[in-house]
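In: Got a sequence here, can you model it:
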Amino acid sequence: MRIDIRELDLGPLNLRGSIRAEELSLDPSEVALPGKIEVEVVAERQASNIRVRGHFATEIEVACSRCLEAVHLPLISDFDQFYQSNAEHHLMGEIELSEKDTELGFFSGDCIDVSDIIREQILLALPMKPMCREDCLGLCPYCGKNRNLTACDCESLSVDPRLAELIRIRNRMNF
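Out: So this is what the prediction gives:
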């Protein structure tokens, strides 16, 4: 989905549509998008800036951080981004950014690609440690079985052989 900034001379532009997951170039090992992303965008010119506000909804699929099973999470997000043309900024060599420059997006030509905003918002919304459920037991560290599905007979307490003598001493002292 692209915003043609020349159309903003006539007034605000309202766009509604969907974006396919392939358009976002996300790493499928990190996050998968099983369906399309429904997007609503309002773009308007404000002085030398272009303001792009919008809303999107989708479902993401990530791996549980404990058992590696697929977790489906709804994702609904609003965004509000200001843009300036690269033509107004001469970005050659090393430059020093001011604080206001970190809050701006830049575009080249006559179009702003909305999929860049959506990709950024999805990556920012990803949970650090997604879990399939709060009481997830995870994988067995010895045999690798998913302990949510089957129990295993692995020893639950493994002792580093270098510390075995300390354990024998502790057992003799009867703390």
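
In: for this structure, what helix or strand is lowest in average pLDDT?
Out: Lowest by mean pLDDT, DSSP states H and E among the helices and strands of the chain is strand 104-107, with a mean of 79.

In: So which bits of that strand are buried?
Out: For strand 104-107, the neighbour count (16 or more other C-beta atoms under 10 Å) marks Phe107 as buried. In this view, the C-beta of every residue, glycine as well, is placed from N, C-alpha and C.

In: cool, stretch 71-83 as well?
Out: Neighbour counts over stretch 71-83 (16+ other C-beta under 10 Å) mark 71, 75, 79, 81, 83 as buried.

In: and the next element down the chain from the lengthiest helix in the chain?
Out: Criterion DSSP state H: the longest helix present in the chain is helix 114-125. Using DSSP states H and E, the next helix or strand after helix 114-125 towards the C-terminus is helix 164-173.

In: picking up where we left off before, may I have the strands that pair with the least confident helix or strand of the chain, each with its orientation?
Out: strand 70-85 (parallel) (DSSP bridges).

In: Looking at the strand it pairs with now, give me its mean pLDDT.
Out: Strand 70-85 carries an average pLDDT of 88.

In: okay, that strand in PDB with CA atoms only?
Out: Extracted in PDB, the C-alpha atoms of strand 70-85 (Å, rounded to 0.1, in the frame of the first residue of the first chain):
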ATOM      1  CA  ALA A  70       3.200 -22.300  17.600                       C
ATOM      2  CA  VAL A  71       1.400 -19.500  19.500                       C
ATOM      3  CA  HIS A  72      -1.300 -17.400  17.800                       C
ATOM      4  CA  LEU A  73      -1.600 -13.900  19.100                       C
ATOM      5  CA  PRO A  74      -4.000 -11.200  18.000                       C
ATOM      6  CA  LEU A  75      -2.300  -7.900  17.100                       C
ATOM      7  CA  ILE A  76      -4.100  -4.600  17.000                       C
ATOM      8  CA  SER A  77      -2.100  -1.400  16.800                       C
ATOM      9  CA  ASP A  78      -2.400   2.300  16.100                       C
ATOM     10  CA  PHE A  79       0.400   4.300  14.600                       C
ATOM     11  CA  ASP A  80       1.200   8.000  14.100                       C
ATOM     12  CA  GLN A  81       4.300   8.900  12.000                       C
ATOM     13  CA  PHE A  82       5.600  12.100  10.600                       C
ATOM     14  CA  TYR A  83       7.600  12.000   7.300                       C
ATOM     15  CA  GLN A  84       9.900  14.400   5.400                       C
ATOM     16  CA  SER A  85      11.300  14.100   2.000                       C
END
